[in-house]
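**Q** Predicted model follows, preceded by the sequence.
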Amino acid sequence: MTGTVKNVDVEKGFGFILGEDQVEYFFHRSALMNCLLSDLKKSREGTFKDSEGTKGPRAEDVYV
């Protein structure tokens with residue numbers, strides 16, 4: 001799935017991606033595959049695998 005970085009909290013180690021389906025997906029820094037959390041900027045596009053976490057939609061294997 002493709003999406004756009006909505007926001008990132010570098011200190012806490014997570015962020016959110018707005019998917020092409022207009023669903024907001026949570027991601028943890030450990031899901032990033034080709035960059036560091038500190039490299040992410042709002043509105044940057046990328047791809048990810050969508051999954052369901054304990055608290056809602058989650059992005060895994062994030063490439064930006």
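**A** Perfect, thanks for sending it. Numbering: from 1, shown residues only.
**Q** where exactly do the strands run in the chain?
**A** In the chain, the segments counted as strands under DSSP state E are 2-9, 14-19, 24-28, 45-53, 56-63.
**Q** what's the angle between the second one and strand 2-9?
**A** If I follow you right, that is strand 14-19. When axes from the mean of the first three to the mean of the last three Cα atoms, to 10 degrees is applied, the directions of strand 14-19 and strand 2-9 differ by 160 degrees.
**Q** what's the answer for the longest one, then?
**A** Relative orientation of strand 45-53 versus strand 2-9 (the same axes, to 10 degrees): 80 degrees.
**Q** what's strand 45-53 packed up against?
**A** strand 2-9, strand 14-19, strand 24-28, strand 56-63 (3 or more Cβ pairs under 8 Å, 6 or more residues apart in numbering; DSSP states H and E). C-beta here means a position set from N, CA and C on the backbone, and glycine is covered the same way.
**Q** The second one - what's its average pLDDT?
**A** Strand 14-19 comes out with an average pLDDT of 97.
**Q** buried ones in that strand?
**A** By 16 or more other Cβ atoms under 10 Å, the buried positions in strand 14-19 come out as 14-17, 19.
**Q** Considering these, which is situated nearest to Thr2?
**A** Nearest to Thr2 among these: Gly19, at 7.5 Å, using Cβ to Cβ.
**Q** Do I have it right that the closest one meets Phe27?
**A** No. The criterion here is Cβ atoms under 8 Å, and Gly19 misses it with Phe27 at 11.0 Å.
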